[in-house]
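**Student:** sequence and computational prediction follow.
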Amino acid sequence: MCPVKAIHRLRVVGLIEGISFLVLLGIAMPLKYFGDLPEAVKIVGWAHGVLFIGFVVLLMMATILADWSLRRGVVFFIAALVPFGPFVADRHLRRYAVEAAAPAA
């Protein structure tokens, strides 16, 4: 797989994971504690967990294929732990995808 594709996949999963995190915090958690619906957290939490694991795997692949430093990979990992972090990280990932595509052109 080329670095550009790896970064693109990371961006897509990162954005979906970021949305699932916000849904978990903003919708499912209030439903659990204020609406007495713990199933919401169970379902959304499970989906978010799967997406997070996928994000981490794709982050490792992109870090290796794009020859990123360990520090850059760790920064993107930390961004995934913070609400709205994946959306901020996506802006940087978009720039890195352009940089990775430039030598191939």
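**Tutor:** Thanks, I have it. Residues are numbered from 1 along each chain as shown.
**Student:** rest of the way, CA atoms for contacts and neighbours
**Tutor:** Fine.
**Student:** what's the longest helix in the chain?
**Tutor:** What stands out as the longest helix in the chain, according to DSSP state H, is helix 38-65.
**Student:** list the buried residues of that one.
**Tutor:** Under the neighbour-count criterion of 16 or more other Cα atoms under 10 Å, helix 38-65 has 40-41, 44-45, 48, 51-52, 54-56, 58-63, 65 buried.
**Student:** now do whichever strand or helix holds Arg95: which elements does it pack against?
**Tutor:** Using DSSP states H and E, Arg95 sits in helix 85-101. Contacting helix 85-101 under the criterion 3 or more Cα pairs under 8 Å, 6 or more residues apart in numbering; DSSP states H and E are the following elements: helix 3-23, helix 70-81.
**Student:** single out the most deeply packed of those.
**Tutor:** helix 3-23 (a mean of 20; mean count of other Cα atoms under 10 Å).
**Student:** got the contact list for that one?
**Tutor:** 44, 47-48, 51-52, 54-55, 58-59, 61-62, 65-66, 80, 83-87, 90, 93-94, 96-98, 100-101 (Cα atoms under 8 Å, 6 or more residues apart in numbering).
**Student:** if we go to 6 Å?
**Tutor:** 48, 51, 55, 58, 62, 65-66, 86, 90, 97, 100 (Cα atoms under 6 Å, 6 or more residues apart in numbering).
**Student:** swap in stretch 74-83?
**Tutor:** 85-86.
**Student:** before we move on, back to that, which pair in the contacts of helix 3-23 spans the largest distance?
**Tutor:** Maximum pairwise distance in these, criterion Cα to Cα, is 28.6 Å, between His48 and Ala100.
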